[in-house]
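Asker: please work out how this folds:
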Amino acid sequence: MNILGLNAFHGDSSACLFVDGVMVAAVEEERFRRIKHWAGFPSESIRFCLDKQGLTLSDVDAIAINTDPKAARWKKIGFALSGKASMALVREKILVRNKRKGIAEHLSEAFPDQVFKGKVEYVEHHLAHFASAYSVSPYSEASIISVDGFGDFASAATGFGRAGELTIARRVHFPHSLGIFYQALTQYLGFYHYGDEYKVMGLAPYGTPRFADKMDEILHHTEDGLFELNLRYFQHHRSPIGYEWDNASPKVSQLFSDSLPELLGPIRSAEQELTQFHCDIARSIQDAYERAFFHMLNTMHKAHQTDNLTIAGGCGMNSVANGKVHLNTPYKNIYVQSAAGDAGGAIGAAVVATQRAGRQVDFDMSHSYWGPEYDASTIKSLLAANAAALEQQGCCVNLDVSDDELVDQVSSFIIDGQVIGWFQGAMEWGPRALGNRSILGDPRREDMKDILNLKIKRRESFRPFAPSVLREHVEGWFESDANVPFMMKVFQIKEAQRERIPAVAHVDGSGRLQTVTPEGNPLYYQLIQAFFKKTEVPMLLNTSFNENEPVVCTPQQALDCFLRTNMDVLVLGSQLITRTPLG
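Answerer: Next up, the predicted model:
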């Protein structure tokens, strides 16, 4: 049985393919379109998934999408009758006035020579999130929480999974939303691009939570273990909020009302310099989110006691909060898959559709490498075609370098302070570069952040870089021994070790680590091990292989990024490109 799962007509559009209950491919549309958070119909992602397995649309039994227009119908009607919403909002949100083309029309446009004869399955948004977390986790029983902006008129859901069955026990419905709380305050701080919430997380450690009382005025904990927004400070519930995508990156208009700056102070413009005031606001936002999140988790644990927790939804990308769950709740084992946000809903939709068809899902997602990969002959042909451009920049191309020689040379380059573009195997699923589409540096160098920003990244100085750590050495360097293969948790670095790795230690002594094993990524593990043998530091600085664009997907994109930046070394599979001859 072949089932395509989709996240469509929303940010982080994506597709995945399940064959007989096992995922074989998954990718986000932005990697093909080259626009961050691309929203729309994921035709190129579908094409990749089918091509990888040698299938056409006629071989697909079902296409599952992570939304159900019929969900929460009575809640929508009740809100419409409450008088809180304008008629324009009722028309847009409640009556679901849909101007989009249907799935069939999009498929016929993208695949004019193919015919889809299967079913289209609609899966309620948070049910898809539930399945995307629990059903691919290593746990047979676990609590499940899904938290985001909104999907199918709900912003959060709690429940559990047992023996493959999913139960949603409770939901938080429109207009209350932790995701809207965080996004609105992110806008207030002058970060207006879709997905900018991670900048607030990065800024927060520079501040103190001196505005906690004002955050409590905005976001309330309820006695039943959930939360409510003080709607005075928001406007998404009164009139339509502009959400434009038009086959591009989503654009969301202002979510907060004029009462918010009256409470907190003037709104920061995008061009305005960040001050301590803004840092303190950021810290207060993050702390308020964490308190509400842990409030929900502790209530959920009382209802369903288990050591295991799975997290999904856009707020599941809050790696700072994820890394504190074991300190603030009874949960001991926490699983967050690499695409916890809406992209990952494609997996959940496919899982639910598989189960509806009477098939079992037999799949644990232990790695993130589900995207396109390219063989050595393709890469060599690319290098030959670009020989003149490489020669013009004085580059030396070394072909078919053995794994042992490659990791020895590259680890020495890193020790010498060089910046490495590392392109290997199948592309990662989710927003994190996890050793196959990565830029690598020396975590011991205090100036490495500045070097990376000067040479390539050109990003805000307050944003931290992350470490990739040999799994067996985590306990010696961090205040946790948890396995974090997807870089979805932030832990404190042991105080005695922080000065040894200043390039990956944030201002508060934390690090958003990725654990690396020989089973999960053999060559990347071998590279870090080579660096460890030479330095006694079992980690590398790892950041995404891109320059203000989506992570590179193809060898051509990697080569283009290398040639237009000041990157020192490029590794494309077993092909080693340097700007100076090998010694």
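
Asker: any idea how far residue 253 is from residue 360?
Answerer: 44 Å (CB to CB, to the nearest Å). All C-beta spots, glycine's among them, are computed from the backbone N, C-alpha and C.

Asker: cool, residue 221 as well?
Answerer: From residue 221 over to residue 360 (counting by CB to CB), the distance is 39 Å.

Asker: so between the two, which is more surrounded?
Answerer: When residue 221 and residue 360 are compared for neighbours, residue 221 comes out ahead with 17 against 10, by other CB atoms under 10 Å.

Asker: can you tell me, leaving aside adjacent residues, what's nearest to that one?
Answerer: residue 295 (4.9 Å; CB to CB, 6 or more residues apart in numbering).

Asker: okay, and the one you found sits in which element?
Answerer: helix 276-303 (DSSP states H and E).

Asker: that helix: how far from the chain's middle?
Answerer: 20 Å (CA atoms, centre = their mean, to the nearest Å).

Asker: next, the buried residues of that helix.
Answerer: For helix 276-303, burial by neighbour count (16 or more other CB atoms under 10 Å) applies to 278-297, 299-301.

Asker: which residues does the spatially most central residue of the chain contact?
Answerer: In the chain, the residue lying closest to the centroid (CA atoms, centre = their mean) is residue 431, at 4.0 Å. Neighbouring residues of residue 431 by CB atoms under 8 Å, 6 or more residues apart in numbering: 317, 339, 341, 544, 551.

Asker: and those residues, which is closest to residue 382?
Answerer: Checking those against residue 382 by CB to CB gives residue 551 as the nearest, at 18.1 Å.

Asker: what helices and strands are in contact with the helix or strand hosting residue 133?
Answerer: Element membership for residue 133, per DSSP H and E: helix 125-134. If you count contacts as 3 or more CB pairs under 8 Å, 6 or more residues apart in numbering; DSSP states H and E, helix 125-134 packs onto strand 141-151, strand 154-162, strand 165-173, strand 308-312, helix 345-356.

Asker: just want the angle from the first one to strand 165-173.
Answerer: Looking back up the chat, that one is strand 141-151. Angle of strand 141-151 versus strand 165-173, following axes from the mean of the first three to the mean of the last three CA atoms, to 10 degrees, is 40 degrees.

Asker: span of stretch 213-228 from start to end?
Answerer: 15 Å (CA to CA, to the nearest Å).

Asker: report the buried residues of it.
Answerer: Applying 16+ other CB under 10 Å to stretch 213-228 flags 214, 215, 218, 219, 221, 225, 226, 227 as buried.

Asker: take these and keep only those in helices.
Answerer: Among these, the residues falling in helices (DSSP state H) are 214, 215, 218.

Asker: dump those into CSV; add distance to residue 391 and pLDDT as well.
Answerer: Below are these laid out as CSV (distance: CB to CB, whole Å; pLDDT from 0 to 100):
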residue, distance to residue 391, pLDDT
214, 60, 99
215, 57, 99
218, 59, 99
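
Asker: of those, closest to residue 115?
Answerer: Nearest member of those to residue 115, counting by CB to CB, is residue 218, at 51.7 Å.

Asker: surely that closest one meets residue 262?
Answerer: No - counting by CB atoms under 8 Å, residue 218 sits too far from residue 262 to count as a contact (12.0 Å).

Asker: regarding stretch 447-457, how distant is the last residue from the first?
Answerer: From start residue to end residue, stretch 447-457 stretches across 14 Å - CA to CA.

Asker: what's the burial count for residue 523?
Answerer: 19.

Asker: element containing it?
Answerer: Per DSSP H and E: helix 522-535 holds residue 523.

Asker: and the helix or strand following that helix with helix 522-535, angle?
Answerer: Toward the C-terminus, helix 522-535 is succeeded by strand 539-544 as the next helix or strand (DSSP H and E). If you take the same axes, to 10 degrees, strand 539-544 sits at 140 degrees to helix 522-535.

Asker: tell me what strand 539-544 is packed against?
Answerer: Using 3+ CB pairs under 8 Å, 6+ apart: strand 539-544 touches strand 437-441, helix 448-452, strand 466-470, helix 522-535.

Asker: can you tell me what sits against stretch 397-405?
Answerer: With CB under 8 Å, 6+ apart, stretch 397-405 has contacts from 376, 380, 383, 387, 390, 409, 523, 526, 574-578, 582.

Asker: how about JSON lines for these, with secondary structure and pLDDT added?
Answerer: Putting those into JSON lines (DSSP: H, G, I helix; E, B strand; the rest coil; pLDDT from 0 to 100) gives the following:
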{"residue": "376", "secondary structure": "helix", "pLDDT": "98"}
{"residue": "380", "secondary structure": "helix", "pLDDT": "98"}
{"residue": "383", "secondary structure": "helix", "pLDDT": "98"}
{"residue": "387", "secondary structure": "helix", "pLDDT": "97"}
{"residue": "390", "secondary structure": "helix", "pLDDT": "97"}
{"residue": "409", "secondary structure": "helix", "pLDDT": "98"}
{"residue": "523", "secondary structure": "helix", "pLDDT": "99"}
{"residue": "526", "secondary structure": "helix", "pLDDT": "99"}
{"residue": "574", "secondary structure": "coil", "pLDDT": "98"}
{"residue": "575", "secondary structure": "strand", "pLDDT": "99"}
{"residue": "576", "secondary structure": "strand", "pLDDT": "98"}
{"residue": "577", "secondary structure": "strand", "pLDDT": "98"}
{"residue": "578", "secondary structure": "strand", "pLDDT": "98"}
{"residue": "582", "secondary structure": "coil", "pLDDT": "79"}
